[in-house]
Every structure is written in C-alpha cells, then in structure tokens.
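# below is the sequence, then the predicted model.
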Amino acid sequence: MNKFFLITLAIFILATGYWLGSFRYSQNLKAISKPYENKIGEEIELSGIIICEPDKRENTMLLTFRESETGAQILLTVSPFESIKYGDEVKARGKLTKPKNFKTDSGREFDYVNYLLKEGIAYQMFYPEVALIFGGQGNFFVSYLYQIKNYFLDKLGAVIPEPEASLLGGLILGAKQSLGGAWLDNFRKAGVIHVVVLSGYNIALLGRGVSLMLSRFPILFQAFGTGGGVLALVLMAGAGAATVRAGAMALVALIAISFNQPYHAGRALALAGLAMVWWNPLILIYDLGFQLSFISTCGLIYFSPIFKKYLNWCPKRFGLRELLATSLSAQVAVAPWLVYKMGELS
C-alpha cells in the first residue's frame, strides 16, 4: 500500500471515530433526565428507589435516588445512621439544589457538576426527610451480593480494630470510604491509594482461586465459573471504573484461553476502554478513576519491560525486581496526569 493511501485511511478512521464519539456523547447528555429545573431552591417531595449501594462516610451517607415518574437521579446526603439500603423505595422531602464545583485543598477547582453528571445525577438534596415505603425493589442478585459484602465487613470489624478493619475491607473489596477522609488523604499523598481500590490484582487472585477449584472440570466450565466469579466481585465492589476495566480485561483473557487464542494485554485494555467509553462517553473526560486506571495499566504493560532492563542490580529473589519494575512503571505513567489534575506529586 502506498503512503498516500495509508494517510487517507488514518484520517478517515480518526474522523469517523471523532464523529461517532461526538454523536454518542451528545446522546448520553440528552438521556440524562432534568425535569425539575424550575423547582431549584424549592422544597418538594419525591418518590423513588435507591439504585446504588449507600456510600457511608465518617459523618454522612450518600444515596443515589431515582425518581419513579421522570427517572431523574438525585444525590441525597443523609445521616450515616439512616437504615436505608440498595433497592429500597423511599419518599424524600427536602430542598432541591444543583451541584456546584468547589476548590480542593491544593487550590484546584474540582468539576463536581460533571463528575455527578457522568453518573446521570443532575440534582442534590441535603439532609431531606427520608421515609421507607417498600424494601427489596432492586435487583435480587445484586442485593444478595451486597448482603454478603456487608456481612463480611461486619465480621471483620468484630475481630479486627479500626482503622485496620477498614483497611482490610478496602484491600479485599475496595470498601475504602469507611477509612475516613484523613486516612484516604494520607494514602493519596503517599501515592498508594490504589491499594484500597479493587482492581486487577484482586480480580486475578479471585480468578486464580476459582479456576483452581474448578480445575477438574472442562475448560469451558472453568471459564464460565471464573467469569461468573469476576462479574460477582465487580458488582459487589460497586462497579467503579477501575474495577470494571480490570473485570473486562479478565473476561477477555478468559475468552482467549477458552478458545485457545493468544492474549495480548494491550489489546484487551484497548477493547475494555473502548467498550466502557462507548457505554458512557462522559467517563473519558470527567472520571479521574477511569483515566488513572487506564494510564497506569498502560504503564504496567509497556513501561515495565523497559524498567526491567535497567534493574539488573535488583535481585529477582522474592520477586523484588518484578515488584520494583511494576511499581515504577505505574507511578511514572500516572505522575504527569496526577500533577495536572490534582496538583500533587507523591
């Protein structure tokens, strides 16, 4: 093929991708329900369902509420002692407000409006009156997974003191919010916040464990069993961007193994990222978790072999060279973007 044809093909692919991306982006924005623009600042009463697991913090609890009639999603800030859970149908009465951007401790403005908008949330209510109507209106499978998760975390808290129990909950299931704001800030400043975010390593351990348990069964049965375990863990952890990305890559690997095909991590990452952005294009711009997860994984895939060449002085024993190479590759990859977005360098 001549050079002119290749350049023309590249321009066509880029232009088509840009057009499709713009179209999908606009469609996603139009799908976000905003029926109460004329009710901002007023006290109203709405009925709907809690569609996500409650996000418990030190002094508050965040509930993602979907109104029954219009489908509008509202973020409710309530007391952490409210006994509301995923799938509950509730009435919420309070003052309706729109999210506002705010400045972080580093002086940067955080685009909180679009951060919520990428989840379909256009409104907020602070400390509304919340009354339970019916329970168990959510997905049965997801509800059961949350029950298992909460049971496990409760048992951890019964035998291990804080903050160690919350740290272990974050390491195993990504339940990092219970650590509290001060501890999470310390983890961020030290550059190790990723250890309490469920990602590829946790999923790899689960996949390996399930595949060993099913090792006597046919390969397709192993793949379905391991894939089901990965999907359950992703849903149990709340299906955050980093978790979904890791789970998608794991599923691609399982498909490749099942059909005896080669697996290339870079291609799996590209496929997972493309699928996630097509599903919700707003995460590409407004989800820092997705951005950092994608960039750090690129670093692990492409920078780690380069670092290994220059770490001959580091012994291979106990996997020290591998650990150092992977840690450096991920940190170097994400450092520029972290400095740009957060104004901090570990």
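That came through fine. All values reported here derive from a predicted model rather than from experimental measurement.
# wait, is Gly48 part of a helix?
No. Assignment of Gly48 by DSSP: H, G, I helix; E, B strand; the rest coil gives strand, placing it outside any helix.
# that one is in contact with Phe65, isn't it?
Yes. With contact defined as CB atoms under 8 Å, Gly48 counts as touching Phe65 (5.2 Å). No exception for glycine: its C-beta is placed from N, CA and C like everyone else's.
# hey, what's in contact with both of the two?
Ile74, Val90, Ala92 (CB atoms under 8 Å, 6 or more residues apart in numbering).
# out of those, which are buried?
Ile74, Val90, Ala92 (16 or more other CB atoms under 10 Å).
# taking these one by one, which sit in strands?
Here DSSP state E is the test, and the buried ones among the shared contacts of Gly48 and Phe65 give Ile74, Val90, Ala92 as lying in strands.
# what about Leu233, how many residues nearby?
25 (other CB atoms under 10 Å).
# tell me the one of the shared contacts of Gly48 and Phe65 nearest Leu14?
For those, the minimum distance to Leu14 (CB to CB) is 38.6 Å, reached by Ile74.
# if I pick the closest one, what's in contact with it?
Taking CB under 8 Å, 6+ apart, one finds 46, 48, 64-67, 92, 96, 121-125 in contact with Ile74.
# most surrounded residue in the residues you listed?
Within the contacts of Ile74, most neighbours by other CB under 10 Å means Phe65, with 26 neighbours.
# assumed it was part of a strand.
Yes. With three-state DSSP as the criterion, Phe65 is assigned to a strand.
# just the helices in the stretch 51-200 of the chain please.
Assigned by DSSP state H, counting those that start in this stretch, the stretch 51-200 of the chain shows helices spanning 112-117, 140-159, 164-173, 181-190, 200-213.
# what does the stretch 201-346 of the chain give?
Under DSSP H, counting those that start in this stretch, the stretch 201-346 of the chain gives helices at 219-236, 241-258, 265-279, 282-286, 288-302, 304-309, 320-342.
# so which of the ones you listed gets nearest Gly41?
Among those, helix 282-286 sits nearest to Gly41 (CB to CB), with 25.2 Å.
# please tell me I have it right and Gly289 contacts Arg245.
No. In this structure, Gly289 is not within contact of Arg245 by CB under 8 Å, at 9.2 Å.
# between the two, which one's more packed in?
Arg245 (25 against 16).
# hmm, Ala272 and the more buried one touching each other?
Yes. Using CB under 8 Å, Arg245 is in contact with Ala272, at 5.3 Å.
# would you put the C-alpha positions of stretch 235-247 in CSV?
Below are the C-alpha coordinates for stretch 235-247, written out as CSV (Å, rounded to 0.1, in the frame of the first residue of the first chain):
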residue,chain,number,x,y,z
LEU,A,235,-20.8,-5.9,41.2
MET,A,236,-20.1,-6.4,44.8
ALA,A,237,-17.4,-3.7,44.8
GLY,A,238,-19.8,-1.2,43.3
ALA,A,239,-18.7,-1.5,39.6
GLY,A,240,-16.3,1.5,39.7
ALA,A,241,-14.3,2.4,36.6
ALA,A,242,-11.1,0.7,37.7
THR,A,243,-13.0,-2.4,38.8
VAL,A,244,-15.0,-2.6,35.5
ARG,A,245,-11.8,-2.1,33.5
ALA,A,246,-10.0,-4.9,35.3
GLY,A,247,-13.0,-7.2,35.1
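# the residue nearest to Asp287 when sequence neighbours are not counted: what's it in contact with?
The shortest distance from Asp287 to any non-neighbouring residue, by CB to CB, 6 or more residues apart in numbering, is to Ala241 (5.2 Å). By CB under 8 Å, 6+ apart, the contact set of Ala241 is Met276, Ile283, Asp287, Gly289, Phe290, Ser293.
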